[in-house]
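Trainee: no sequence for this one, just the structure:
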């Protein structure tokens, strides 16, 4: 009798599990040197989430955060990565995405470049010139910050709004005079000798960060899943800090980049990753105020309701 009851309970439990709705986490990954790309290469998210009954689905690579966020806004993906600046412009556009992880950017993984043979030698020399940037994202932010710091009126420099691949072609073809960009694009053009650094992130006065986003609806329905993703990202980040060259080589392989840039990528893209606490949320608000002051967005979006400390 005992064994019959045990078998019956086992069958009922199995039936209950079979009837549980399956969860699929759809991730939009970027052509970016971040911990999400490392997790994809290592298969670590799949290993962590499969026991929870979660299937991982990858979409991409997206050239920048903007198209990935568009996919999220359209309901095609649930989670992606970008910059704190792209988060602000996305929120200004009404996208309901929540920031759950934060990684301050190194000065060396973003910068303004000119062609190697360019006569331009300083940010002040950009007056009367055209600079390629991505609208509202790291590029535009970096350029305007640099102009502010150099006391150059922003209306004295023309912004050409282009995606990274188009920006690279425009710079090499002489259609723009400079390009405000980030890794891996920065390391590639510096590594192949086609461009020269005019100002790095520190020289431009950048306060940018790498940030991880999840749709508000997915977070509300599956907060424990997002917390598990955060744990995996922190593990990948700790590994990358201890194995910078190896991390750089993975980014080279996963993103189809020249092998010679692996060392630089590992050096400048392995800063510590952490949760979005009160200090980080306040800093995001500070950048949002700067965006309004510089007329990149018309009004300050709600930030507080769209950041979360997933470690709690």
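Mentor: Received the coordinates, thanks. Being a predicted model, the structure only gives us computed values, none of them experimental.

Trainee: Show me the residue at the heart of the chain, geometrically.
Mentor: Geometric centre of the chain, nearest residue: residue 82, 2.1 Å, by C-alpha atoms, centre = their mean.

Trainee: now the strands for the stretch 101-250 of the chain?
Mentor: Per DSSP state E, counting those that start in this stretch, the stretch 101-250 of the chain carries strands over the ranges 110-115, 130-133, 158-161, 178-182, 195-200, 209-215.

Trainee: Name the stretch among those strands that sits most buried.
Mentor: strand 178-182 (a mean of 28; mean count of other C-beta atoms under 10 Å). The way it works is simple: take the backbone N, C-alpha and C, and place the C-beta from them, glycine included.

Trainee: same for that one, what does it pack against?
Mentor: If you count contacts as 3 or more C-beta pairs under 8 Å, 6 or more residues apart in numbering; DSSP states H and E, strand 178-182 packs onto strand 110-115, strand 130-133, helix 138-149, helix 164-172.

Trainee: Am I right that residue 270 sits in a helix?
Mentor: No - Residue 270 sits outside any helix when classified using DSSP: H, G, I helix; E, B strand; the rest coil, being coil.

Trainee: Identify the residues contacting it.
Mentor: Residue 270 is in contact with 237, 240, 241, 244, 247, counting by C-beta atoms under 8 Å, 6 or more residues apart in numbering.

Trainee: For the second one, list the residues it contacts.
Mentor: Right, the one you point to is residue 240. 35, 38, 247, 266, 269, 270.

Trainee: farthest pair in these?
Mentor: 35 and 266 (12.6 Å; C-beta to C-beta).

Trainee: beta partners for residue 132?
Mentor: Taking DSSP bridges as the rule, residue 132 bridges to residue 160, residue 179.

Trainee: Run through the protein and note the low-pLDDT ranges.
Mentor: Residue ranges of the chain with pLDDT under 70: 1-21.

Trainee: Scan it for its longest helix.
Mentor: Ordering each helix of the chain by length in residues (DSSP state H) puts helix 223-242 first.

Trainee: list the buried ones in it?
Mentor: Buried residues in helix 223-242, counted by 16 or more other C-beta atoms under 10 Å: 225-230, 232-237, 239-240.

Trainee: Kindly report the same for stretch 256-276.
Mentor: Buried, per 16+ other C-beta under 10 Å, within stretch 256-276: 257, 261-271, 273-276.

Trainee: Which of those fall within helices?
Mentor: The members of these that map onto helices under DSSP H are 262, 263, 264, 265, 266, 267, 268.
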